[in-house]
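Peer 1: have a look at this prediction, sequence included:
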Amino acid sequence: MPSTPGLACMRLYRKFAVLLTVSLLITAGLPATAVSETVIIQNVELLRRGKQISVRLLTSSPPDYQITENLAAQTLVVKFKNARADFADGRMERLFNDLQLSGIRFSEFDGEIWAQFKLEEKDLTYSVSALTKNSGVQIDFRPAFEIKPLPDPPEDAVYQLSSLKFDSGNKSFTRLIFDFSKPEKFSTSSLVPEDKGPPRIFLLEDSLQTQLTIRLPNTLPKKELEKLEFKGKRLELAALKAELNQTFIELNLKVKDIKVERHFVSAPTRWMLDIQGTPIREKIVEEVQEGEKLSAEKLAEIEEEKKERRKRAAKINPEYRLGETAFRDRLYDKAVAHFRKAYAIGKENTAEEFGDPLHPQAAKALFRIGDTIYTMLERRIGDNYHQAIEAYKTAIRITKDAQNTAVKNGENFEPVSLLPHANFRIGRAYQKMKFHHEAAVYYNILQEHYPNTLEAMEASFWKGMSRVDQRQWETAITDFQEYLRSAPKPKFYAVTHYKMAQAYYRLKRYITAREFFDIARSADGQYAGNDPTLMFHMGETYYENAEYVTAREIFKELLRKYPNADFSKLVAIRLGDFLRDEGKEDEAIQAYQNAISSYSREIALVGKLRIANIQAKRPYSDEYLEA
């Protein structure tokens, strides 16, 4: 039966609909790269800058690529996805007469173009960046950065301390006058760079507040000054010496409530330090005795005071020594009991608790109570330091009251020198309990009221550690920089650089982070091994800087020491990726299998997928079906 024209049109429409549906289904099933624009690699350019060689691969549009490298084997591969090569001469190889790069081979693999670089030198480093004016990528190769051992500190200096004078004519202070000079034209052969600013000066006061050390960096004294002598009613010159390119001036103090004011004069270059304080009463008595005779009654009164002190000391000292002995034997409860008894003896003869100054040894016993409790908790890894904090606060309060009474009598209360130590310990106790705000309060007290003490300098380091715990990376870096600047010999040098590197890593400033990790590892290569998080960040930093050999060694060590740490499951897969990219497929499969057997279901699935991808690329094999 012949078909009608209407029926033929319906059949044609049906065929067209089926074809359209099939076409849409095929398009939907294709990956995005199959329907996107193909990238054409058009040209290769070579640029030389000193020891760095740069290769530019010019493309028709911004490329999507992946880097696989084994610099130790002198090979690097750039894999361009959905790309093809279209050079004018048709050649797929480029050979160069270069000491670092011998050539590039372009190969096609399943719609990808692989650019394989053959290097002439081992262990080169590289960086990859996108071109700005044209489409394409630039690969820069340069020799690996080697950490050279630090040279010996220079023995020359920019400034010369030409004179040092002491002026004790003013009744309120003793003035030290430092005059400096430096060459009009700075020698280019000197090991020390020219200091454009004024000469720097640092003050360091000992814990007993009996000695003040003045440090002048980048300054050496005239030889004549080494024989300088001075003795005054407030201070005396104990030593003036030069070490390498620094000058140290040590002063013995004879005053209480020391304050130092600084004044700088630019022309001529001069620093003036005004050291204020009241001479201690006993020393004033000695000076008066030299100049004029005291009355018999006054002498008898002074002798009676000394006799009473000796009697009280005869009772307190034995109890205090028993406390120290118990402390050394780690009998902490017994030590606290002896120190409390020593304090009770020291105040029992006073009219009222705070009416007169305590015996100094009794006040020291209060601080030792705090020290004992703090040390006990620290050694037993305790987590509640409130009892130690209260002991220190009591010692601070009573000592300040005793000092106020002593000042009214024209005397000085010796245990006041322990106040910086107590404030520092309170700050550390709060920090150990993660009370960072309270810790910062006491660190700030140290730096405001006792800025020249070692405790104040060290407080900057612990403030930085608190900032790290609080993830305040920029502030942490600032605190660590202040610690390195102010401390003459920072005992936490390596730790500070590790923590600064970790902060820079968190800020994604990987190049700076690597520089600080390099310094830290040179100073102490073992410290990071005790912190799995720090090891992971260090490995990731070297990975981000394309230093894969170093990164791999760190990851291996992390996996060996901390197989159950949070980051270890990621590291196990990353180590397999390293081996796969180097072409060591069997070793990569073994690494993935270790990850599959040791970690969670999610990691196991990732590992199986990696194994399947490797085995699927092998010719005449169906091993991937078993993965």
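Peer 2: Arrived safely.

Peer 1: how near is the residue nearest the centre of the chain to residue 458?
Peer 2: With distances taken as Cα atoms, centre = their mean, the residue of the chain nearest its centroid is residue 496 (2.7 Å). Relative to residue 458, residue 496 is positioned 11 Å away (Cβ to Cβ, to the nearest Å). In this view, the C-beta of every residue, glycine as well, is placed from N, C-alpha and C.

Peer 1: same thing with residue 337?
Peer 2: Per Cβ to Cβ, residue 337 is found 31 Å from residue 458.

Peer 1: which of these two has more neighbours?
Peer 2: residue 458 (21 against 16; other Cβ atoms under 10 Å).

Peer 1: show the end-to-end separation of stretch 64-77, please.
Peer 2: End-to-end span of stretch 64-77 (Cα to Cα, to the nearest Å): 14 Å.

Peer 1: can you pull the buried residues of it?
Peer 2: For stretch 64-77, a neighbour-count test (16 or more other Cβ atoms under 10 Å) marks 65, 68, 69, 70, 71, 74, 76, 77 as buried.

Peer 1: those: which two are farthest apart?
Peer 2: Within the buried residues of stretch 64-77, 65 and 74 form the most distant pair, 20.4 Å apart (Cβ to Cβ).

Peer 1: now name the helix or strand holding the residue nearest to the centre of the chain.
Peer 2: helix 493-506 (DSSP states H and E).

Peer 1: what ranges do the helices span in the stretch 351-500 of the chain?
Peer 2: 360-379, 386-408, 419-432, 436-449, 454-469, 473-486, 493-506 (DSSP state H, counting those that start in this stretch).

Peer 1: quick one: mean pLDDT for the next helix or strand after the helix holding residue 496?
Peer 2: Tracing the chain past helix 493-506, the next element assigned as helix or strand by DSSP H and E is helix 510-523. Averaged across helix 510-523, pLDDT comes to 92.

Peer 1: thinking again about what came up before, what comes into contact with the helix holding residue 496?
Peer 2: Contact with helix 493-506 is made by 461, 464-465, 468, 471, 473-474, 476-477, 480-481, 483-484, 490, 510, 512-517, 519-520, 523-524, 527-528, 534, 537-538, 540-541, as judged by Cβ atoms under 8 Å, 6 or more residues apart in numbering.

Peer 1: one more time with 6 Å, if that's ok
Peer 2: Here helix 493-506 makes contact (Cβ atoms under 6 Å, 6 or more residues apart in numbering) with 468, 473, 476-477, 480, 512-513, 516-517, 519-520, 523-524, 527, 537, 541.

Peer 1: next one: stretch 375-390
Peer 2: Here stretch 375-390 has contacts from 332, 370, 373, 374, 426, 429, 432, 433, using Cβ under 6 Å, 6+ apart.

Peer 1: for residue 252, state which of the residues you listed is nearest.
Peer 2: Taking these together and measuring to residue 252 by Cβ to Cβ, the closest member is residue 370, at 29.0 Å.

Peer 1: help me confirm that the closest one comes into contact with residue 391.
Peer 2: Yes. In this structure, residue 370 is within contact of residue 391 by Cβ atoms under 6 Å, at 3.8 Å.

Peer 1: excluding sequence neighbours, find me the nearest residue to residue 238.
Peer 2: The spatially closest residue to residue 238, leaving aside those adjacent along the chain, is residue 250, at 4.3 Å (Cβ to Cβ, 6 or more residues apart in numbering).

Peer 1: hmm, residue 467 is touching residue 476, no?
Peer 2: Yes. Using Cβ under 6 Å, residue 467 makes contact with residue 476 at a distance of 3.4 Å.

Peer 1: export the buried residues of stretch 64-77 to a markdown table and tack on pLDDT, distance to residue 85 and secondary structure?
Peer 2: A markdown table is the format used below for those (pLDDT from 0 to 100; distance: Cβ to Cβ, whole Å; DSSP: H, G, I helix; E, B strand; the rest coil):
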| residue | pLDDT | distance to residue 85 | secondary structure |
| --- | --- | --- | --- |
| 65 | 88 | 13 | strand |
| 68 | 82 | 18 | strand |
| 69 | 80 | 20 | strand |
| 70 | 74 | 23 | strand |
| 71 | 72 | 24 | helix |
| 74 | 82 | 23 | coil |
| 76 | 88 | 17 | strand |
| 77 | 89 | 14 | strand |
